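Asks: no sequence for this one, just the structure:
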């Protein structure tokens, strides 16, 4: 272990919607902390939202993979040289939610708390310094940087033969998608599934449903390009949605023709508030509707849509248990059952983040990744 500081670079969000590539100083890890050299960082809608809405400055990014360079004396399960994926829902292991297995909504270290109010249990701001001061890191990771210091609980070891760019996207988009299928909805074999939106998360819901053995995987999308992607990831039926059809009336009619009574499961993955009730429109009586995209605005829902015995869930991060779920995802990836390499449409240099966001918002990519050399 070293006691020396390291100089690196990071994408710093200024709190006004801007971001620049800046020099940072990383202090050595202490206690149960690990120093990770980031090799790849995924680009997510959450990164765009945080840069445009959170007060700054802070280090951007929350999907990352890299190599352990150093660790504190209380680290038990990681060693220098280990390859790791970073997990932003960092469990304390002691609170009520962690004790009952809901580590994704830990009461002590919850990422749901406003980022400026993260409480004890996280790495002190001083581990990463910018302009002479300790700086916040997005979701206590700050993966859009060459280096970061995180708690051991935030780093999950992976086999070194898994590419960093493919590994990093597991830490949010992939986990949210497949986890919502496996852990939240518990999709069953021979069932029917509707996926509303075939972006990065939607494609992983398709993959998760295919692995779960769903018989019909019906994808609703505006973009023909994304419909083609959805088919390559396992969709069995494609429905092109008209932008003017706010209630998805025609799409619902098509779903009913395919399923005869409505789908067993439906997932909303667009983040569009007007579509918050859309999965309820697609499922049969006693079906399961999942709002995956994290809509946070207040919306109006016709309570008739809940009839009869429908279940509506709004899970966080696919109810992720990283020590269990990340290895499971890697297992399916290695077997060829789950695509990771194919999810990555384009790789970017750190100074190309604005271009990456534009590509993402315009639907030109399924998933983008920043590579740190």
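Replies: Looks like it came in fine. Just so we're clear, the structure is a prediction, and the values are computed from it rather than from any experiment.
Asks: so what pLDDT did residue 45 get?
Replies: Residue 45 carries a pLDDT score of 89 in this model.
Asks: got the residue ranges for the strands in the stretch 151-300 of the chain?
Replies: Applying DSSP state E, counting those that start in this stretch to the stretch 151-300 of the chain gives strands spanning 155-158, 192-196, 216-221, 237-240, 263-268, 283-291.
Asks: Looking at the ones you listed, which is nearest to residue 362?
Replies: strand 216-221 (14.3 Å; CB to CB). (Glycine included, C-beta is placed from N, CA and C.)
Asks: List the contacts of the closest one.
Replies: Here strand 216-221 makes contact (CB atoms under 8 Å, 6 or more residues apart in numbering) with 191-198, 202, 206, 209-210, 227, 230-231, 234-241, 248, 251, 254-255, 258-259, 263.
Asks: What strands line up against that strand, and which way round?
Replies: strand 192-196 (parallel), strand 237-240 (parallel) (DSSP bridges).
Asks: Please convert those to TSV, extending it with mean pLDDT.
Replies: Formatted as TSV, those follow (pLDDT from 0 to 100):
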stretch	mean pLDDT
strand 192-196	98
strand 237-240	98
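Asks: now, of the ones you listed, which is deepest in the fold?
Replies: Among those, ranked by average contacts under mean count of other CB atoms under 10 Å, first place goes to strand 192-196 (a mean of 31).
Asks: relative orientation of that strand and strand 263-268 in degrees?
Replies: 20 degrees (axes from the mean of the first three to the mean of the last three CA atoms, to 10 degrees).
Asks: How far off centre is strand 192-196?
Replies: Relative to its chain's centre, strand 192-196 lies at 19 Å (CA atoms, centre = their mean, to the nearest Å).
Asks: contacting residues for residue 350?
Replies: Residues near residue 350 by CB under 8 Å, 6+ apart: 9, 11, 21, 144, 370, 372.
Asks: Now do the buried residues in stretch 302-312.
Replies: 310, 312 (16 or more other CB atoms under 10 Å).
Asks: Which is the succeeding secondary structure element to whichever strand or helix holds residue 332?
Replies: Assigned by DSSP states H and E, residue 332 belongs to helix 322-335. Counting by DSSP H and E, the element after helix 322-335 in chain order, helix or strand, is strand 344-348.
Asks: Can you give me the distance of residue 255 to residue 140?
Replies: For residue 255, the distance to residue 140 (CB to CB, to the nearest Å) stands at 40 Å.
Asks: what about the helices in this structure?
Replies: 45-53, 96-99, 164-168, 173-179, 200-212, 224-232, 249-259, 278-282, 322-335, 353-361 (DSSP state H).
Asks: so which of those gets nearest residue 267?
Replies: Comparing the helices of the chain by CB to CB, helix 200-212 comes nearest, at 5.0 Å.
Asks: tell me what that closest one is packed against?
Replies: If contacts are counted by 3 or more CB pairs under 8 Å, 6 or more residues apart in numbering; DSSP states H and E, helix 200-212 sits against helix 173-179, strand 192-196, strand 216-221, helix 224-232, strand 263-268.
Asks: beta partners for residue 129?
Replies: The partner residues for residue 129, given DSSP bridges, come to residue 25, residue 134.
Asks: picking up where we left off before, can I get the strands paired with strand 216-221 in CSV including distance to residue 297?
Replies: Conversion of those to CSV gives the following (distance: least, CB to CB, whole Å):
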stretch, distance to residue 297
strand 192-196, 17
strand 237-240, 25
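Asks: Okay, domains of this protein per the record?
Replies: For the chain, automatic domain parsing gives the domain ranges 6-171+340-371, 176-316.
Asks: how far does the first one stretch from start to finish?
Replies: Which is domain 6-171+340-371. 19 Å (CA to CA, to the nearest Å).
Asks: closest to residue 73 out of the helices of the chain?
Replies: Closest among those, using CB to CB: helix 322-335, at 21.7 Å.
Asks: What helices and strands are in contact with that closest one?
Replies: Against helix 322-335 (3+ CB pairs under 8 Å, 6+ apart) you get strand 155-158, helix 173-179.
Asks: Mind checking these for the one nearest to residue 55?
Replies: helix 173-179 (25.0 Å).
Asks: ok now do the closest residue to residue 48 other than its chain neighbours, which residues does it touch?
Replies: Setting aside the residues directly before and after it, residue 48 is nearest to residue 357 in space (CB to CB, 6 or more residues apart in numbering), at 5.2 Å. If a contact means CB under 8 Å, 6+ apart, then residue 357 has 43, 47-48 as its contacts.
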